[in-house]
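> no FASTA, just this:
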């Protein structure tokens with residue numbers, strides 16, 4: 001992967017999770033305010049709010065599902081083969097206490113940092129690039145879903 005493309009992918013992954021760079025000079029697809037990425041959007045969400053059912057799912061489940069998908073991406077990038085994944089289980093979280101909610105968020109941050117490191121260090125081929133870009137698209141989709149759920153949770 002060219003250095004230009006590598007940096008572009010990192011920029012979009014960072015925007016998905018961290019929001020646009022500060023000072024904000026606009027964004028590529030998130031809101032232009034600081035903390036518009038997944039981490040900022042989830043900041044200050046209590047375990048009770050994360051456990052509130054919205055159309056049959058929770059913020060905790062969405063967050064852990066993104067973490068799980070990103071773990072799968074990181075495993076694929078590292079081992080060059082798809083890990084066995086249980087997608088239904090990735091949606092199984094219905095309620096969390098503060099400790100579990102913090103662990104989910106910390107796990108997501110850890111997988112995010114691993115992905116950023118991989119973007120810089122792996123030998124790219126088409127299959128690995130597609131895997132990384134699909135993780136970006138998947139995470140951006142869930143950022144939108146989480147933002148919509150917050151309209152109900154933060155009432």
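Now that the structure is in, tell me what you want to look at. Because the structure is a prediction, the values reported are computed rather than measured. Numbering: from 1, shown residues only.
> For residue 16, which three-state class applies?
Per DSSP: H, G, I helix; E, B strand; the rest coil, the local secondary structure of residue 16 is helix.
> Hmm, it is touching residue 139, no?
Yes: here residue 16 reaches residue 139: they are 4.8 Å apart, a contact under Cβ atoms under 8 Å. Heads up, the C-betas are built off the backbone N, CA and C, glycines and all.
> who's more crowded, those two?
residue 16 (26 against 23; other Cβ atoms under 10 Å).
> check contacts around the more buried one.
Each residue near residue 16 by Cβ atoms under 8 Å, 6 or more residues apart in numbering is listed here: 30, 37, 38, 136, 139, 140, 143.
> how close does it get to residue 56?
24 Å (Cβ to Cβ, to the nearest Å).
> again, but for residue 129
From residue 129 to residue 56 the distance is 34 Å (Cβ to Cβ).
> Pick out whichever of those two has more residues nearby.
residue 129 (16 against 8).
> ok, which stretches of the protein are helices?
Applying DSSP state H to the chain gives helices spanning 3-18, 38-42, 47-50, 59-79, 98-121, 126-153.
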